[in-house]
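Peer 1: Task: produce atomic coordinates for the following.
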Amino acid sequence: MRTQSSQPRAVSLVPAIHVDVIREDQIIESLEELYFRLKWDPDEQEKGLTSCMTFISGPSKTGDIELQMVFGAHGPKQLHICVVKN
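Peer 2: Numbers count the residues shown, from 1 in each chain. The predicted structure is shown next:
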């Protein structure tokens, strides 16, 4: 998730349920592919680097509180991804 200058950085961390709608061509295989795209993709170069990028890989969870697994402690409790075919 790329933050724009007019958007707050915490927008992806606040909701209990995060729904993401992405295009199929936005799915990448690895962080290496992301770094390659950021450096060499003409569209990415035109946008420029952002001051904040958030990686959402699944529901937030932690076992820090009395060794009990807690969901939604540091981000969304639920994550739903809708993929739109190109």
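Peer 1: for this protein, which helix is longest?
Peer 2: In the chain, ranked by residue count with DSSP state H as the criterion, the top helix is helix 31-40.
Peer 1: Dump it to CSV, keeping only the CA atoms.
Peer 2: What follows is helix 31-40, C-alpha atoms only, in CSV (Å, rounded to 0.1, in the frame of the first residue of the first chain):
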residue,chain,number,x,y,z
LEU,A,31,10.3,-8.4,-2.2
GLU,A,32,13.1,-8.6,-4.7
GLU,A,33,10.6,-8.2,-7.5
LEU,A,34,9.2,-5.1,-5.6
TYR,A,35,12.7,-3.6,-5.4
PHE,A,36,13.3,-4.3,-9.0
ARG,A,37,10.0,-2.6,-10.0
LEU,A,38,10.6,0.4,-7.8
LYS,A,39,14.0,0.9,-9.4
TRP,A,40,13.4,0.1,-13.1
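Peer 1: Report the mean per-residue pLDDT for that helix.
Peer 2: Along helix 31-40, the predicted confidence averages to a pLDDT of 89.
Peer 1: hmm, who's touching it?
Peer 2: Outside helix 31-40, the residues within contact range by C-beta atoms under 8 Å, 6 or more residues apart in numbering are 28, 44, 49. All C-beta spots, glycine's among them, are computed from the backbone N, C-alpha and C.
Peer 1: Pull the distance from stretch 53-66 to the chain's centre.
Peer 2: Offset of stretch 53-66 from its chain centre (C-alpha atoms, centre = their mean, to the nearest Å): 12 Å.
Peer 1: Can you list the buried residues in that stretch?
Peer 2: If you call a residue buried by 16 or more other C-beta atoms under 10 Å, then stretch 53-66 has these buried ones: 59, 60.
Peer 1: now the end-to-end length of that stretch.
Peer 2: Chord length of stretch 53-66, first to last residue, is 31 Å (C-alpha to C-alpha, to the nearest Å).
Peer 1: now the chain, which segments are flagged as low pLDDT?
Peer 2: For the chain, the stretches flagged by pLDDT under 70 are 1-14, 64-65, 72-73.
Peer 1: show me where it has strands.
Peer 2: When secondary structure is read from DSSP state E, the chain shows strands at 17-23, 61-62, 70-71, 78-84.
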